[in-house]
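A.B. asks: predicted model and sequence below, questions to follow.
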2 protein chains.
Amino acid sequence: MLVSRISRLLKGRLAVNPPKPERKKIREAVADLKRRRILEAATDLFYDLGFTNTTLDQVAEQLGVTKPFIYSHVGSKSALLGEISSQGVQRALEAIDQAIAMDGSPGEMLARFVPDYVTAILRSQKSIAINIREEKNLDPVDAARLAALRQQFMGKIETLLSRGVESGEIRVPDTRVAAFALVGAVSWTTFWFHPAGPLSIDEISARMTATILNLTHTRTVSKAVEDA
Amino acid sequence: MLVSRISRLLKGRLAVNPPKPERKKIREAVADLKRRRILEAATDLFYDLGFTNTTLDQVAEQLGVTKPFIYSHVGSKSALLGEISSQGVQRALEAIDQAIAMDGSPGEMLARFVPDYVTAILRSQKSIAINIREEKNLDPVDAARLAALRQQFMGKIETLLSRGVESGEIRVPDTRVAAFALVGAVSWTTFWFHPAGPLSIDEISARMTATILNLTHTRTVSKAVEDA
């Protein structure tokens, strides 16, 4: 029954009656799924062929749908680029927001944030590469929105580092430059990480986390107690 | 007299007699100057307009020369891209080679290398951005040559870090990941450094050096002696 309902929705038929809450949920899930699949296909094509060389027809063909289907779900090719380009920073913001929201000291928050952040970046490898390469092709409104998100992200890291310096758990010579160094070290993984390489995302994340905590000389309160 | 000799060379006239050593030096200096000016103009245009949108006619126009002049000094547009793209890693290699050649401990070598490296990268900002953005437009031979240079560079840093770990001056959880983190932190400056911003190249270099030595927990022998 669920399957037939999804398949009806996939065919684009609208319910005549106002949707029940549960039905609406499914509709949203289906819309999400469609958007996600379109974004994935576009990411692969933009990554392999470049934004300029990719047509929406190619994206549609990959998914066995029509171009109007793409338009109706994600808008123009330019809108697609805007959305793909912002994926990395959006996931990075989620990672820092979740860490800040936890009940813990700044050092503990950093120790929670870094592995989540590295994992998010490694999983967003293609979209980050696209973001960097295709910056000139971004709609100016998207470019400004992205710059604001990045600034927000950098500000949150800097604040977290400053709080850690105050609590004595973190030791860095300059919180702003340390924030940039941290983000640079992690973002740069997109240039050397090979999904088919010897190390898994989890292994790289663990090693990079240890390296970053080395960079920030982070000792959480519990560690400090152990050492005392 | 020097001026007239240079101007003769600039007009492309060849001496009938074999060049005297001193004359040859000037000729080489002039050829270097021409190449450098062509590379600078091409770097600005590739950076501002993108490689695909730039023509050799535009490069020639910027310098008040002809397209054949460009061809004779640096070859094709593709050769120009290859040369520009390799500038960053070439300067980085010079920095590590100079540090390794010095008479000192691994920690001292690292402390010498990092500021030179940061400065080299900040000065190569445009060519590094071009290198990253235009990777797909590189001639495969140039791309392979560049990959080899990068691998050489990474290997030298990793070796230096390992030697520092052995000497007890450097403390990192994983020399390979630390090498990538170091290079990432420094290379990422090309995305946030503004030449017209509040901090000069020297100031950023000093702060980034302190941050990197924090990352590697570097204590040179002399520092260790002080602390003992």
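C.D. replies: Looks like it came in fine. Numbering: from 1, shown residues only, chains lettered A, B, ... in the order given.
A.B. asks: can you tell if stretch A:205-212 touches chain B?
C.D. replies: Yes: interface with chain B: stretch A:205-212 contributes A:Arg207, A:Met208, A:Ala210, A:Thr211, A:Ile212 (CB under 8 Å from any CB of the partner chain). (Each C-beta comes from the backbone N, C-alpha and C, glycine too.)
A.B. asks: can you redo those residues as CSV with pLDDT, neighbour count and secondary structure?
C.D. replies: Shown next, in CSV, are the residues of stretch A:205-212 next to chain B (pLDDT from 0 to 100; neighbours: other CB atoms under 10 Å in any protein chain shown; DSSP: H, G, I helix; E, B strand; the rest coil):
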residue, pLDDT, neighbour count, secondary structure
A:Arg207, 95, 19, helix
A:Met208, 95, 28, helix
A:Ala210, 93, 17, helix
A:Thr211, 94, 27, helix
A:Ile212, 94, 28, helix
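A.B. asks: which among those residues gets closest to A:Leu122?
C.D. replies: A:Met208 (8.8 Å; CB to CB).
A.B. asks: correct me, but that closest one touches A:Val118?
C.D. replies: Yes: using CB atoms under 8 Å, A:Met208 is in contact with A:Val118, at 4.8 Å.
A.B. asks: stretch A:64-83 vs chain B: in contact?
C.D. replies: No: contact of stretch A:64-83 with chain B (CB under 8 Å from any CB) is absent, the minimum separation being 14.5 Å.
A.B. asks: so how far is that stretch from its chain's centroid?
C.D. replies: 20 Å (CA atoms, centre = their mean, to the nearest Å).
A.B. asks: that one spans what distance, first to last residue?
C.D. replies: End-to-end distance of stretch A:64-83 (CA to CA, to the nearest Å): 21 Å.
A.B. asks: for chain A, which residues are neighbours of chain B?
C.D. replies: A:50, A:52, A:132-133, A:135-136, A:171-174, A:177-178, A:180-189, A:191-192, A:204, A:207-208, A:210-212, A:214-217.
A.B. asks: quick one, helices of chain A?
C.D. replies: With DSSP state H, the ranges of helices along chain A come out as A:2-10, A:21-49, A:56-63, A:67-74, A:77-101, A:106-123, A:125-133, A:140-167, A:175-187, A:189-192, A:201-215, A:221-227.
A.B. asks: buried deepest among the ones you listed, which one?
C.D. replies: Among the helices of chain A, helix A:175-187 has the highest mean neighbour count (mean count of other CB atoms under 10 Å in any protein chain shown), at a mean of 24.
A.B. asks: and the angle from that one to helix A:125-133?
C.D. replies: Angular relation of helix A:175-187 and helix A:125-133 on a 0 to 180 degree scale: 120 degrees, by axes from the mean of the first three to the mean of the last three CA atoms, to 10 degrees.
A.B. asks: put the alpha carbons of helix A:175-187 into CSV.
C.D. replies: Extracted C-alpha coordinates of helix A:175-187, given in CSV (Å, rounded to 0.1, in the frame of the first residue of the first chain):
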residue,chain,number,x,y,z
THR,A,175,42.4,31.9,17.2
ARG,A,176,41.5,33.4,13.8
VAL,A,177,44.5,31.9,12.0
ALA,A,178,44.1,28.6,13.9
ALA,A,179,40.5,28.5,12.7
PHE,A,180,41.6,29.1,9.1
ALA,A,181,44.4,26.5,9.5
LEU,A,182,41.9,23.9,10.9
VAL,A,183,39.4,24.5,8.1
GLY,A,184,42.2,24.5,5.5
ALA,A,185,43.7,21.2,6.7
VAL,A,186,40.3,19.6,6.7
SER,A,187,39.0,21.1,3.4
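A.B. asks: between that helix and helix A:106-123, how many degrees?
C.D. replies: 40 degrees.
A.B. asks: what's in contact with stretch A:198-211?
C.D. replies: A:111, A:114-115, A:118-119, A:122-123, A:185-186, A:189, A:193, A:195, B:172-174, B:177-178, B:181, B:215 (CB atoms under 8 Å, 6 or more residues apart in numbering or on different chains).
A.B. asks: adding distance to B:Leu39, write the helices of chain A out as a markdown table.
C.D. replies: Formatted as a markdown table, these follow (distance: least, CB to CB, whole Å):
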| stretch | distance to B:Leu39 |
| --- | --- |
| helix A:2-10 | 55 |
| helix A:21-49 | 29 |
| helix A:56-63 | 36 |
| helix A:67-74 | 41 |
| helix A:77-101 | 30 |
| helix A:106-123 | 33 |
| helix A:125-133 | 22 |
| helix A:140-167 | 28 |
| helix A:175-187 | 26 |
| helix A:189-192 | 24 |
| helix A:201-215 | 35 |
| helix A:221-227 | 51 |
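A.B. asks: B:Lys77: which of those is closest?
C.D. replies: It is, among the helices of chain A and with distance given as CB to CB, helix A:125-133, at 18.9 Å.
A.B. asks: quick one: mean pLDDT for the closest one?
C.D. replies: Averaging pLDDT along helix A:125-133 gives 91.
A.B. asks: coming back round to it: shared neighbours of A:Met208 and A:Val118, anything?
C.D. replies: In contact with both A:Met208 and A:Val118: A:Val186, A:Thr189, using CB under 8 Å, 6+ apart.
A.B. asks: do I have it right that A:Asn214 meets B:Pro173?
C.D. replies: Yes: the pair A:Asn214 and B:Pro173 qualifies as a contact (CB under 8 Å) at a distance of 6.0 Å.
A.B. asks: break chain A down into its structural domains.
C.D. replies: With domains defined by automatic domain parsing, chain A comprises A:2-75, A:78-227.
A.B. asks: low-confidence stretches in chain A?
C.D. replies: Low-confidence segments of chain A (pLDDT under 70): A:1-23, A:220-228.
A.B. asks: could you redo the last one with a cut-off of 50?
C.D. replies: For chain A, the stretches flagged by pLDDT under 50 are A:1-15, A:221-222, A:224-228.
A.B. asks: run through the residues that contact A:Asp97.
C.D. replies: A:Lys156.
A.B. asks: distance of it from A:Phe153?
C.D. replies: 10 Å (CB to CB, to the nearest Å).
A.B. asks: again, but for A:Tyr71
C.D. replies: 31 Å.
A.B. asks: next one: A:Arg123
C.D. replies: Here the distance between A:Arg123 and A:Phe153 works out to 16 Å (CB to CB).
A.B. asks: what do you get for A:Val141?
C.D. replies: 19 Å.
A.B. asks: and if you look at A:Leu215?
C.D. replies: The gap separating A:Leu215 from A:Phe153 is 17 Å, by CB to CB.
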